[in-house]
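In: Fold the stuff below for me.
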Amino acid sequence: MKLNELAYEIIIMILFLTYLMGTSFLLLLCTVHKNIEVANAIQKLSEVVEAIPVAGTYDCIVKTENMAREDVNNLVLTSIRPLDNVYSVLTIHEAPELLVAKNV
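Out: The predicted model follows:
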């Protein structure tokens with residue numbers, strides 16, 4: 001394998017790993033007046049960095065870091081959506097840094 005091919009393969013692997021790991025935000029819709037209770041319950045989960053009750057379109061914002069997208073999706077399906085007062089979860093994954101335009 002030539003050096004250029006090896007460098008290309010390494011760059012592809014870095015891009016792939018960057019794509020899989022990162023920060024994710026979960027926007028939750030909750031039962032009316034239950035967003036503080038939901039945020040407190042979610043904050044206890046070891047995978048969660050921060051759970052903030054908010055007012056507006058969504059009722060709670062949850063932040064995770066350094067998790068693969070599949071792990072975040074699993075967290076939502078197994079630990080967050082089953083909560084009694086959670087109606088909906090919108091998951092936003094961070095765009096890989098190398099794909100984000102700079103100096104635009």
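In: Low-confidence ranges, the chain, go.
Out: Residue ranges of the chain with pLDDT under 70: 1-4, 8, 11-20, 95-104.
In: Look at the residue most central in space within it and give its secondary structure.
Out: For the chain, the residue sitting closest to the mean C-alpha position, by Cα atoms, centre = their mean, is S24 at 2.1 Å. Classification of S24 by DSSP: H, G, I helix; E, B strand; the rest coil places it in strand.
In: Name all residues that make contact with it.
Out: K63, T64, E65, M67, R69, V72, T91, I92, H93, E94 (Cβ atoms under 8 Å, 6 or more residues apart in numbering). Quick note: C-beta positions are derived from backbone N, CA and C, even for glycine.
In: Keep only those of those residues that are in strands.
Out: K63, T64, E65, M67, T91, I92, H93 (DSSP state E).
In: Now list the buried members of these.
Out: T64, M67, T91, H93 (16 or more other Cβ atoms under 10 Å).
In: Widest-spaced pair of the residues you listed?
Out: Spatial extent of these (Cβ to Cβ) is set by the pair M67 and T91 at 11.1 Å.
In: distance between the ends of stretch 48-63?
Out: For stretch 48-63, the first-to-last residue distance is 6 Å (Cα to Cα, to the nearest Å).
In: List the buried residues of that stretch.
Out: Buried positions in stretch 48-63, judged by neighbour count with 16+ other Cβ under 10 Å: V48, A51, P53, Y58, D59, C60, I61, V62.
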